[in-house]
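Novice: below are the sequence and a predicted model; questions follow.
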Amino acid sequence: MSTLSYKAPSTVEEAIGILAKASGVAKVLAGGTDLLVQLRSGRIKPDLIVDIKKISGLSGILEQDGAFIIGAATPGAEIGECEALERAWPGVVEAANLIGSTQVQGRASLAGNLCNASPAADSVPAMIAARATCVIAGARGRREVPVESIPTGPGRTSLSPDELIVEFHLPKRPPRSADAYLRFIPRTEMDIAVVGAAVCLTLDAGGVCTDARVVLGAVAPTAILVPEAAAALIGSKCDDKALAGLDAAARRACKPIDDKRGTIEYRTKVAGVMARRAAAIAYQRAGERR
Amino acid sequence: MSKYHVSTTINGEPTEFLCEAQQTLLDVLRDELHLTGSKEGCSSGDCGACSVTVDGRLVCSCLMLAVEADRRSIETIEGMAQGDKLHPLQQKFLEHAALQCGFCTPGLLVAAKALLDRNPNPTEAETRYWLAGNLCRCTGYDKVVRAVLDAAAEMHGE
């Protein structure tokens, strides 16, 4: 017989207190679209579920001087409906909205996608490319860290048991810069990335790339930032030669697994192609901006 | 073990129930409240047969704990027809034969209604993407999509 308990604190401090005092396995619940599947299948057997959706401020999007604060439990549907966010960070929004179905979008959150720590999580490469940070609250106070410091391997994060993510920060988008995210799946909806690629770049007035971030998903134990791939774009107008350099650097960075979704060889090749196409989209978007 | 007391609104009716922490909203709808229109297909959020709306958002009731329904407003397939009067979507599903075995139908209707509430004039592509999380193994989807588009047109008075 199950002895699972449920708590829905109304403040972050209360949530931390509950997590710090928990004697068994405690799990934080935001949208639950991964947690409930794992709970029902018996893959996890928590003693306590801490629902963070009753904490005010943990759902919703706030724009502040061009930067954005996204509450940890904000559902994907709300992210997709925020026009200002989509204008500023189209790659982050398209990545978040690729997660699951309309029904899953009604619940699934960025914090859940990050803390579930699947190497194939769609929103994670886009958030890393955009230099997103997350604010973590815990028994020893608050800290703000880059998104890429959270996942440490499949299903594992750097968070302590008494910690939870409360919000994400997306910086103000510099002029003439844009991001894009592409994933490869064998159909158009309802699947898990074989490969994901996010590119964020900034151009000068002449259309030359001055800054770039390239992140690959589903080709290593965590999403990976590939500075060598970004270096291939910087100083170029993302012409064929630069894109070929990006493609080669992306392929070199891959350390994928063989599974039913794709072989090592296939994933590696597709990673180069996705990186190139995402870069071309980001370049075009950045060029359309002043 | 202790049960949780939940006060919620289901199809406009204030409703209270007791549940255990691990029970899903779908478990309680079907087994405790006897609202058996919502179906259990996959129990993992892939098939959409258990679709309901929570505060207007379309969700899978198998992916939500019943205790989370506290102080929320839930709409299920049972709230769709007004007495004997079918919702235009239900009528169009019948006219277009957009169902065979019927197992996916409540979820598809709830999902389609959520689409039309938000976007009264969807394109075929928008309709197909919106309903991608509702699996049907009988119809091949085409009749479903035509029924939804026809219902949208009728609700406009076209």
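Specialist: Looks like it arrived, so ask away.
Novice: centroid-nearest residue for chain B?
Specialist: Against the mean C-alpha coordinate of chain B, by C-alpha atoms, centre = their mean, the closest residue is residue B:110 at 3.1 Å.
Novice: which non-adjacent residue is nearest that residue?
Specialist: residue B:51 (4.4 Å; C-beta to C-beta, 6 or more residues apart in numbering or on different chains). Yep, even glycine has a C-beta here, placed from its N, CA and C like the rest.
Novice: sorry, back to before: contacting residues around the residue nearest to the centre of chain B?
Specialist: By C-beta atoms under 8 Å, 6 or more residues apart in numbering or on different chains, the residues touching residue B:110 are B:38, B:51-53, B:58, B:75-77, B:80.
Novice: circling back to that earlier point, beta partners for the residue nearest to residue B:110?
Specialist: For residue B:51, the beta-bridge partners are residue B:60 (DSSP bridges).
Novice: neighbours of it, how many?
Specialist: 33 (other C-beta atoms under 10 Å in any protein chain shown).
Novice: roughly how far does it sit from residue B:132?
Specialist: 12 Å (C-beta to C-beta, to the nearest Å).
Novice: residue A:279 now?
Specialist: Taken as C-beta to C-beta, the span from residue A:279 to residue B:132 is 28 Å.
Novice: next one: residue A:95
Specialist: From residue A:95 to residue B:132 the distance is 17 Å (C-beta to C-beta).
Novice: which bits of chain A sit near chain B?
Specialist: Selection of chain A residues close to chain B by C-beta under 8 Å from any C-beta of the partner chain yields A:1-6, A:8, A:29, A:32-33, A:36-37, A:39-41, A:49, A:51, A:53, A:75, A:77, A:100-104, A:106-107, A:189-190.
Novice: quick check on the residues you listed: which are buried?
Specialist: A:4-6, A:8, A:29, A:32-33, A:36-37, A:39-40, A:49, A:51, A:53, A:75, A:77, A:100-104, A:106-107, A:190 (16 or more other C-beta atoms under 10 Å in any protein chain shown).
Novice: restricted to strands, list those.
Specialist: A:5-6, A:29, A:49, A:51 (DSSP state E).
Novice: shaky segments in chain B?
Specialist: B:1 (pLDDT under 70).
Novice: which stretches of it form helices?
Specialist: B:25-27, B:88-95, B:105-118, B:124-130, B:142-155 (DSSP state H).
Novice: which parts of the third one are buried?
Specialist: Put plainly, it is helix B:105-118. B:105-116.
Novice: compute the inter-axis angle for it and helix B:88-95.
Specialist: Going by axes from the mean of the first three to the mean of the last three C-alpha atoms, to 10 degrees, helix B:105-118 is angled at 130 degrees with respect to helix B:88-95.
Novice: okay, domains of the chain per the record?
Specialist: By default, I'm working from chain A. A:5-51, A:61-170, A:177-287 (automatic domain parsing).
Novice: my question was about chain B
Specialist: B:4-79, B:88-155.
Novice: which of these sits closest to residue A:284?
Specialist: domain B:88-155 (22.0 Å; C-beta to C-beta).
Novice: and the end-to-end length of that closest one?
Specialist: Distance between the two ends of domain B:88-155: 7 Å, counting by C-alpha to C-alpha, to the nearest Å.
Novice: from residue A:91, how far out is residue A:162?
Specialist: 33 Å.
Novice: ok, and the closest non-adjacent residue to the closest residue to chain B within chain A?
Specialist: Nearest residue of chain A to chain B: residue A:101, at 2.2 Å (C-beta to the nearest C-beta). Nearest in space to residue A:101, with sequence neighbours left out and distances taken as C-beta to C-beta, 6+ apart, is residue B:133 at 2.2 Å.
Novice: what's the answer for residue B:87, then?
Specialist: residue B:80 (4.8 Å).
Novice: show me the residues around that neighbour that make contact.
Specialist: B:87, B:89-90, B:109-110, B:113.
Novice: kindly recompute the last result at 7 Å.
Specialist: Residues near residue B:80 by C-beta atoms under 7 Å, 6 or more residues apart in numbering or on different chains: B:87, B:90, B:109, B:113.
Novice: between those, which is closest to chain A?
Specialist: When the contacts of residue B:80 are compared against chain A (criterion: C-beta to the nearest C-beta), the nearest one is residue B:113, at 12.2 Å.
Novice: pretty sure that closest one contacts residue B:89?
Specialist: Yes: with contacts counted by C-beta atoms under 7 Å, residue B:113 reaches residue B:89, the gap being 5.9 Å.
Novice: what number of residues lie near whichever residue of chain B sits closest to chain A?
Specialist: Minimum separation of chain B from chain A (C-beta to the nearest C-beta) falls at residue B:133, amounting to 2.2 Å. Here the number of neighbours of residue B:133 (other C-beta under 10 Å) works out to 24.
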